[in-house]
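Enquirer: turn this into a model:
(one chain, ligands or ions: 1)
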Amino acid sequence: MENQLIKIIDRLPDGIVRQFLKRNAKYSSAVAILAAGYFVTSRLYRVYFGPLSNIPGTFFDTFFDMPMLYYNLPLGTRYQRMVGLHQKYGRIVKSTSRTITISDKNMIKQILHDDDLPKAWAYKNLQLDGHQTMFNTIDKDFHKTRRRVVSPAFSVKYLAALEHLMSDSVGEFVQHINSAVDTAHLHNQPSAEVDMWRLLQSTALDVIGATAFDQSFNMVKNGSHPLPATITRNLTHAALASATKSIPIFGKIVDFFIKSNESKFDIGKFMVGIIEERLKSGKRKNDILQILIDSQNAELKNDRLNNEDIVHENILFLIAGSETTSNTIGFAIIHLIEHPEALALLREELDSVYPRNGSNVRFEHEDLKNLPYLNAVINETMRIKPVAMGGLPRETDRDYILGGKYHIPKNILISAHIYACQVDPEYWPEPLAFKPERWLEGSDIPADKDAFFPFSSGSRNCIGKNFAWMEMRLLLASFVYNFNFDPVPESVEDAKHLRQFITYTIASNSYKVKITKRH
Ligand code: HEM
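Expert: Here you go, the predicted model:
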């Protein structure tokens, strides 16, 4: 041991430290042994007597406190491990010495709704250039003010005024598929092959562009736009940087890679251009941006959003409001393909409301919102394919009693694992089966709505919930009503490989279907 230590010291560059260590090699080895002993003892203490020692979990996780990246390899699969831990240890599990995850419906309600614990520190990693938004702030006062100012843009009444913008984008989506089928026929092919996953993403981006600042990105028409592409890239970089920053050299390499891959597109300039144009024109428009701009004349100073605040909130809407809805509808379509009996029931319902007369139908949300089977298909999809698959992390801001019996100290991260809760067999019979009928009145396997949190709960729940419902109903109804569809064989395979990156998605980001027109 002593000789080995001298060898190591010999490799160090000349200097006072090296000379000192060499002369005192004997003492140094004693110090090293003591340090190692301290490390092991303190970790063992943490496992068996630490603040979370009464919570079940693996010895390995608590002893080593492995960084998130370890379980995130291949990227986007951490949620699988957490689900596995819940299956093994139950509804409350320790995943590091300072983190627990819960899948008990009452505990989830307690932390998200009743006690409304603050969001965990990790959300700060999502603050692009350190800028706070309604989503990523962990400051409760900031959030309360920002949410109050933005809320009118998502009220049911205001959304009704935005419906025509949404419907225009959905109309483009239907038109795009119609043209693809016509082109296929011209080439003597019976059906068109369309990548639904990407087309839905493009449609959702067009919807959010049109409703957020009256400017569709024309993604469906043109296939790309630098703004959403840059935002996705920045976000992926932020997530990667946050997962690797605690690993010294690797973190630096990732940082270098990110800097050298930054997009040339200036999001701020693009967005400020739109805001300034609106202010200069003096014209009011019915979109989300107008509500944010109006805040600049608010009586209270804190209620006024400057241009930079508006840019960041709009970026947030693009992120939070696109893949969330498009992936949910993508998964709904996959489930309907796998369950032809459910597809037939949905078609029957839509056909009964809009009798087929050969002309193009423009769906009204007022007619769709109360359709039980349409709502059941979307709810059932959000139950087994929730957007927030990775969990919703909160942090204790005081010594805390969870579920009436677990003593949790301050500064512990508690993550609400909504997926594990939404497939818990005690709450949901046949938990992994896609059964829209559980959401229908009088069902013999009724949905346990208290164990269902797709939009979270409490003060930090999804502000875009009504927006999302309107868009998802319009999109799914239009597709199912107008088209027949079957997957291409590679896509059946693709759909088995899922990942949680920003949202829960298909790893290949692609799902191709063969489409024909229904009439
Ligand atoms: C199927 C669609 C959607 C689902 C399942 C969903 C789900 C969620 C969830 C679970 C949260 C809480 C996240 C957390 O605590 O970390 C959230 C927050 C949020 N969502 Fe959604 N979302 C959807 C669509 C949308 C849309 C369309 C928009 C906007 C146009 C939107 C905007 C937001 C915003 C701004 C927040 C932060 C709210 C706050 O902290 O006050 N979401 N969403």
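
Enquirer: from here on, just use CA atoms for contacts and neighbour counts.
Expert: Noted.

Enquirer: residues in contact with the residue of the stretch 101-250 of the chain found nearest the ligand?
Expert: Closest contact between the stretch 101-250 of the chain and the ligand, by C-alpha to the nearest ligand atom, is at Phe135 (3.9 Å). Contacts for Phe135 (C-alpha atoms under 8 Å, 6 or more residues apart in numbering) come out as Leu316, Arg460.

Enquirer: so is it in a helix, a strand, or just coil?
Expert: Here Phe135 is coil, with the state taken from DSSP: H, G, I helix; E, B strand; the rest coil.

Enquirer: got a pLDDT number for it?
Expert: Note for Phe135: predicted pLDDT of 96.

Enquirer: kindly report the same for Asn3.
Expert: In this prediction Asn3 is given a pLDDT of 49.

Enquirer: which residue ranges of the protein form strands?
Expert: Using DSSP state E, the strands of the chain run over residues 92-96, 99-102, 192-195, 392-395, 400-402, 406-408, 413-416, 483-487, 498-500, 504-506, 512-517.

Enquirer: deepest in the core, which of those strands is it.
Expert: strand 413-416 (a mean of 26; mean count of other C-alpha atoms under 10 Å).

Enquirer: how about that one and the ligand, any contact?
Expert: No - for strand 413-416, no contact with the ligand is found by C-alpha under 6 Å from any ligand atom; the gap never falls below 9.3 Å.

Enquirer: let's test this: mean pLDDT of that strand, rounded?
Expert: 96.

Enquirer: check stretch 328-339 too.
Expert: In the prediction, stretch 328-339 has an average pLDDT of 98.

Enquirer: name whatever forms a beta bridge with the nearest residue to Asn54 once chain neighbours are set aside.
Expert: Excluding the flanking residues, the one nearest Asn54 by C-alpha to C-alpha, 6 or more residues apart in numbering is Tyr406, at 7.8 Å. Applying DSSP bridges to Tyr406 gives these bridge partners: Leu402.

Enquirer: for Tyr406, give its distance to the ligand.
Expert: Going from Tyr406 to the ligand by C-alpha to the nearest ligand atom, to the nearest Å gives 23 Å.

Enquirer: and stretch 215-225, end to end?
Expert: 12 Å (C-alpha to C-alpha, to the nearest Å).

Enquirer: quick check: phi and psi at the residue of the stretch 301-450 of the chain found nearest the ligand.
Expert: Closest contact between the stretch 301-450 of the chain and the ligand, by C-alpha to the nearest ligand atom, is at Gly321 (3.4 Å). Here is the backbone geometry of Gly321 (degrees, to the nearest 10): phi -110, psi 10.

Enquirer: tally up the residues packed near the closest residue to it other than its chain neighbours, please.
Expert: Excluding its sequence neighbours, the residue lying closest to Gly321 (C-alpha to C-alpha, 6+ apart) is Ile208, at 6.6 Å. By other C-alpha atoms under 10 Å, 28 other residues sit near Ile208.

Enquirer: pretty sure Val387 sits against Ile506.
Expert: No - judged on C-alpha atoms under 8 Å, Val387 makes no contact with Ile506 at a distance of 11.9 Å.

Enquirer: who in this protein is up against the ligand?
Expert: Counting by C-alpha under 6 Å from any ligand atom, the chain sits next to the ligand at 134-135, 147, 317, 320-321, 324-325, 328, 387-388, 392, 454-456, 460-465, 467-468.

Enquirer: now, of those residues, which are buried?
Expert: Neighbour counting over the residues of the chain next to the ligand (16 or more other C-alpha atoms under 10 Å) leaves 134-135, 147, 317, 320-321, 324-325, 328, 387-388, 392, 454-456, 460, 462-465, 467-468 as the buried ones.

Enquirer: how is this structure divided into domains?
Expert: 1-49, 144-517 (automatic domain parsing).

Enquirer: and the end-to-end length of the longest one?
Expert: For domain 144-517, the first and last residues are 48 Å from each other (C-alpha to C-alpha).

Enquirer: how about Val220: what's its closest non-neighbour residue?
Expert: Ser202 (5.4 Å).

Enquirer: dump the residue contacts of that neighbour.
Expert: Residues in contact with Ser202 (C-alpha under 8 Å, 6+ apart) are Met219, Val220, Gly223, Ser224.

Enquirer: ok, and the closest non-adjacent residue to Lys109?
Expert: Computed as C-alpha to C-alpha, 6+ apart, the closest residue to Lys109 that is not its neighbour in sequence is Ser457, at 7.3 Å.

Enquirer: got a list of what that neighbour touches?
Expert: Each residue near Ser457 by C-alpha under 8 Å, 6+ apart is listed here: Lys109, Leu112, His113.
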